[in-house]
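Trainee: Predicted model and sequence below, questions to follow.
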Amino acid sequence: MIKKISLFAAVIFMAITANAQIKLIGGVGLAMPMGDFADVAKTGFGINVGGKYMLNEKMAVGANLGYFMMGEEIDGVKISVMPIMGSFTYYFGSEGFKPYAGVDLGFYSSKAKYDDNLGMDDDSETDFGFAPTVGFEYGFSDNLALDVNAKYNYIMSDPDSQSFFGINVGIIYTLK
């Protein structure tokens, strides 16, 4: 019985990975704080790296990592945010121009550096959050594409949640 289950699992794995594509993504982004977060931080810039595993022609799962430095709204306070996320993406097209929608789920590591009159100090925390995403990929070739997206990042921090709107542009390299 165990041999039959192992054989069945191997056949399913080969069927899934036979046409599998892995996409490597790198890009830059703009982060615009919203709500109460905009009272302490100004628009910032950052980088994103990640990957996606295509489950089929329309769906992908993946992971991404970002690092954003926010501008100073309050003198001497520097804020950075690092999203560490898993993702799900659904594509509405299959070739060339491919609009998509998805969601990222994971953790945001935030750090604030400030001068407390005794020298520089910092405060950091890690909170759960999510980011609904809409965007598009535009293929230049079989392996190279442009990725443009907008994300609403919502961080469930205590006592007040934080949010920022991100616009990201990147390059995708597809491994086949």
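Mentor: Yep, it's here. The structure displayed is predicted, hence computed values, not measured ones. Residues are numbered from 1 along each chain as shown.
Trainee: CA only for contacts and neighbour counts going forward, please
Mentor: OK.
Trainee: where's the residue nearest to Thr89 when sequence neighbours are not counted relative to Gly166, distance?
Mentor: The shortest distance from Thr89 to any non-neighbouring residue, by CA to CA, 6 or more residues apart in numbering, is to Gly102 (4.2 Å). Counting by CA to CA, to the nearest Å, the gap between Gly102 and Gly166 amounts to 14 Å.
Trainee: quick one, which of the two is more surrounded?
Mentor: More crowded of Gly102 and Gly166, by other CA atoms under 10 Å: Gly166, with 21 against 18.
Trainee: And for the helix or strand where Met70 lies, what's in contact with it?
Mentor: Met70 belongs to strand 59-72 when assigned by DSSP states H and E. For strand 59-72, the external contacting residues (CA atoms under 8 Å, 6 or more residues apart in numbering) are 31, 40-55, 78-91.
Trainee: quick one: which of those sit in strands?
Mentor: Judged by DSSP state E, strands contain the following of these: 31, 41-54, 78-91.
Trainee: Which strand residues bridge the nearest residue to Pro99 once chain neighbours are set aside?
Mentor: Spatial nearest neighbour of Pro99, chain neighbours left out: Phe136 (4.0 Å); criterion: CA to CA, 6+ apart. Beta-bridge partners for Phe136, by DSSP bridges, are Pro99, Val148.
Trainee: which residues touch Lys78?
Mentor: Lys78 is in contact with 69-72, 112-114, counting by CA under 8 Å, 6+ apart.
Trainee: How is Ser94 assigned, secondary-structure-wise?
Mentor: Following DSSP: H, G, I helix; E, B strand; the rest coil, the label given to Ser94 is coil.
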